[in-house]
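# predicted structure and sequence below. I'll ask about it afterward.
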Amino acid sequence: MDSLTLNPLCRAEGEVQLPGSKSLSNRLLLLAALAEGETRITNLLDSDDVKHMLNALTQLGVHYQLSDDRRTCTLTGTGKPFSTDQALELFLGNAGTAMRPLCAALCLGRGDFTLTGEPRMSERPIRDLVDALRPLGAEVTYLDNDGYPPLTLHANGLKGGHVSIRGNISSQFLTALLMAAPLAENDLIIDVEGELVSKPYIDITLHSMQLFGIKVENENYKRFTIKAGQTYVSPGDVMVEGDASSASYFLAAAAIAGGTVRVYGVGSESVQGDKAFADVLAQMGAKVNYGPTWIEVSRGDTLNGIDVDLNAIPDAAMTIATTALFAQGPTAIRNVYNWRVKETDRLSAMATELRKVGADVVEGEDFIEITPPARLTSAAIDTYDDHRMAMCFSLAAFGDVPITINDPGCTRKTFPEYFDLFRAITKTRS
Ligand SMILES: O=C(O)C1=C[C@@H](OP(=O)(O)O)[C@@H](O)[C@H](O)C1
Ligand SMILES: C=C(OP(=O)(O)O)C(=O)O
């Protein structure tokens with residue numbers, strides 16, 4: 001296995017143009033494919049998760065053109081759901097933003113669609129979504145284990161009506177239902193049961209649907225009503241914002257090390273909940289400035305440990321876990337149960353790797369408490385095929401010791417060029 005050793009770093013300084021948001025890229029591609037007319041999507045993310053969505057659309061017969069740098073996609077939708085005479089098998093890697101939304105959207109059409117992915121995808125739950133789709137007329141067969149991909153959809157349209165969906169495992173289930181809803185035969189009312197995890201991602205969904213002309217009635221994120229008879233209509237040109245989760249590593253580097261880092265592509269006007277990561281850094285003592293499309297962070301007088309509920313921003317929350325290595329006092333990150341069902345069991349992986357660099361860690365069922373060591377220990381960090389483990393632990397190189405990242409290439413899921421950009425804004429201790 002490949003590895004990358006980062007020599008001790010002492011400073012972060014510079015500007016980063018962020019790659020496009022994964023969440024927006026995959027939503028806009030799917031909605032453009034379902035929409036009437038031609039959509040030109042700019043600043044599209046070029047990463048594995050997006051490639052899986054694009055490959056699926058190709059197999060579904062969608063016509064699109066990618067620019068040479070793969071960051072502009074011009075796509076012509078038919079305004080109709082996807083249908084096929086021949087059974088299709090779509091391989092979706094480990095992309096939750098492809099698996100869950102496609103699972104619902106494909107039920108709108110006609111034909112047999114099998115959705116598969118990498119081995120880890122077969123351990124990521126999908127039951128809550130399937131259980132909500134079945135009363136709407138979806139026929140779904142699990143191929144290996146009940147409640148998990150791979151699965152086959154025997155699609156024959158979705159009826160509409162009134163369904164409930166559990167909100168506490170993944171917001172992507174609700175996102176999937178919402179995006180399919182306007183093309184159901186009748187109005188759809190969706191009730192959300194229990195806590196809604198990762199709530200700001202629902203705003204990304206509603207924003208994306210609104211761009212394509214869809215109206216959704218939102219009663220406090222508890223009930224959503226979507227009228228039938230609406231069609232997705234192309235907005236023409238649409239630009240993908242920079243990825244707010246990808247911004248977190250650069251901003252944290254400045255908060256830890258001194259120097260000032262500004263990221264472009266995400267700012268106060270962003271629709272992504274992960275922009276709030278910068279507020280968490282401010283709570284720890286960092287200096288934060290926002291412009292409409294940029295965020296700038298510098299180190300404050302001290303960096304303090306905090307006790308926070310990060311249920312709303314589980315991806316950026318991982319970056320707080322490694323930032324905590326440099327804080328004064330312990331940090332507790334609470335209400336992140338669903339870390340366990342992502343690219344890996346992130347609560348367990350994070351605890352194991354933080355201990356390797358010398359932290360004292362308590363791993364709870366849905367929280368993690370990190371007490372930083374007086375001095376970090378040099379270590380080889382395992383990344384569990386989890387892009388965020390690799391990116392988070394690059395920050396450990398600010399601890400005066402070399403840090404080796406095993407399988408750094410796993411960042412290809414959302415951020416293939418991460419280590420080049422990280423190197424460009426960090427200075428090695430001489
Ligand atoms: O809808 C989305 O784009 C996402 C929602 C979140 O997942 P959960 O809702 O499963 O927490 C997030 O972790 C994921 O990276 C992207
Ligand atoms: C959880 C993540 O991805 P996915 O979209 O596959 O759920 C992530 O990017 O951290």
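Now that the structure is in, tell me what you want to look at. Ligands and ions are numbered 1, 2, ... in the order given.
# just the element for the residue lying closest to residue 175 once chain neighbours are set aside, please.
Nearest residue to residue 175 in three dimensions, chain neighbours excluded: residue 205, at 4.4 Å (Cβ to Cβ, 6 or more residues apart in numbering). Just so you know, the C-beta spots here come from the backbone N, C-alpha and C atoms, and that holds for glycine as well. Following DSSP states H and E, one finds residue 205 within helix 200-211.
# that helix near ligand 2 at all?
No. Judged by Cβ under 6 Å from any ligand atom, helix 200-211 and ligand 2 are separated, with a smallest distance of 9.3 Å.
# counting contacts, what elements does that helix pack onto?
Here helix 200-211 touches helix 22-34, helix 171-180, going by 3 or more Cβ pairs under 8 Å, 6 or more residues apart in numbering; DSSP states H and E.
# now the helix or strand following it: how far from the chain's centre is it?
Using DSSP H and E, the next helix or strand after helix 200-211 towards the C-terminus is strand 217-219. In terms of Cα atoms, centre = their mean, to the nearest Å, the centre of strand 217-219 is set 24 Å apart from its chain centre.
# which other residues reach strand 217-219?
Taking Cβ atoms under 8 Å, 6 or more residues apart in numbering as the criterion, the residues outside strand 217-219 that touch it are 206, 224, 225, 226.
# out of those residues, the closest to residue 70 would be?
Among the contacts of strand 217-219, residue 206 lies closest to residue 70 (Cβ to Cβ), at 27.3 Å.
# ok, now which ones touch that closest one?
By Cβ under 8 Å, 6+ apart, the contact set of residue 206 is 178, 216, 218.
# look up phi and psi at the second one.
So the one you mean is residue 216. For residue 216, the backbone dihedrals (degrees, to the nearest 10) come out as phi -130, psi 130.
# just give the number of residues close to it.
Burial of residue 216, expressed as a neighbour count using other Cβ atoms under 10 Å, amounts to 19.
# how far away from the center of its chain is stretch 93-113?
Its chain's average C-alpha position is 17 Å from that of stretch 93-113, according to Cα atoms, centre = their mean.
# next: stretch 294-306.
Its chain's C-alpha centre lies 24 Å from the corresponding centre of stretch 294-306 when counted by Cα atoms, centre = their mean.
# now what about that stretch, what contacts it?
When contacts are defined by Cβ under 8 Å, 6+ apart, stretch 294-306 is touched by residues 247, 251-252, 254-267, 275, 278, 280-281, 283-290, 323-324, 326-332, 370, 372.
# name only those of those residues that count as buried.
For these, a burial check counting by 16 or more other Cβ atoms under 10 Å picks out 247, 251-252, 254-259, 261-267, 275, 278, 280-281, 284-286, 288, 290, 323-324, 326-327, 330-332, 370, 372.
# near ligand 2, which residues of the stretch 301-430 of the chain are found?
315, 342, 388, 414.
# what does the stretch 201-350 of the chain have sitting close to ligand 1?
For the stretch 201-350 of the chain, the residues found near ligand 1 under the criterion Cβ under 6 Å from any ligand atom are 201, 314, 315, 338.
# residues near the closest residue to ligand 2 within the chain, how many?
Closest contact between the chain and ligand 2, by Cβ to the nearest ligand atom, is at residue 96 (2.7 Å). Here the count is done by other Cβ under 10 Å, and residue 96 has 26 residues near it.
# okay if I get the helices and strands packed on helix 200-211 as TSV plus mean neighbour count and mean pLDDT?
What follows is the helices and strands packed on helix 200-211, written out as TSV (neighbours: other Cβ atoms under 10 Å; pLDDT from 0 to 100):
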stretch	mean neighbour count	mean pLDDT
helix 22-34	27	98
helix 171-180	27	98
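# closest to residue 9 out of those helices?
With Cβ to Cβ as the yardstick, what comes closest out of the helices and strands packed on helix 200-211 is helix 22-34 (26.1 Å).
# what angle separates the closest one from helix 171-180?
20 degrees (axes from the mean of the first three to the mean of the last three Cα atoms, to 10 degrees).
# how much space is there between the nearest residue to residue 29 once chain neighbours are set aside and residue 44?
Closest residue to residue 29 in three dimensions, ignoring its sequence neighbours and counting by Cβ to Cβ, 6+ apart: residue 53, at 5.2 Å. The gap separating residue 53 from residue 44 is 10 Å, by Cβ to Cβ, to the nearest Å.
# I'd like the helices and strands packed on helix 200-211 laid out as CSV, including distance to ligand 1.
Conversion of the helices and strands packed on helix 200-211 to CSV gives the following (distance: least, Cβ to the nearest ligand atom, whole Å):
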stretch, distance to ligand 1
helix 22-34, 3
helix 171-180, 3
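# output those helices in TSV, with distance to residue 360 appended to each entry.
Converted to TSV, these look like this (distance: least, Cβ to Cβ, whole Å):
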stretch	distance to residue 360
helix 22-34	33
helix 171-180	32
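# do I have it right that residue 408 meets residue 383?
Yes. At 7.4 Å, residue 408 counts as touching residue 383 under the criterion of Cβ atoms under 8 Å.
# touching both of those two, which residues are there?
residue 390.
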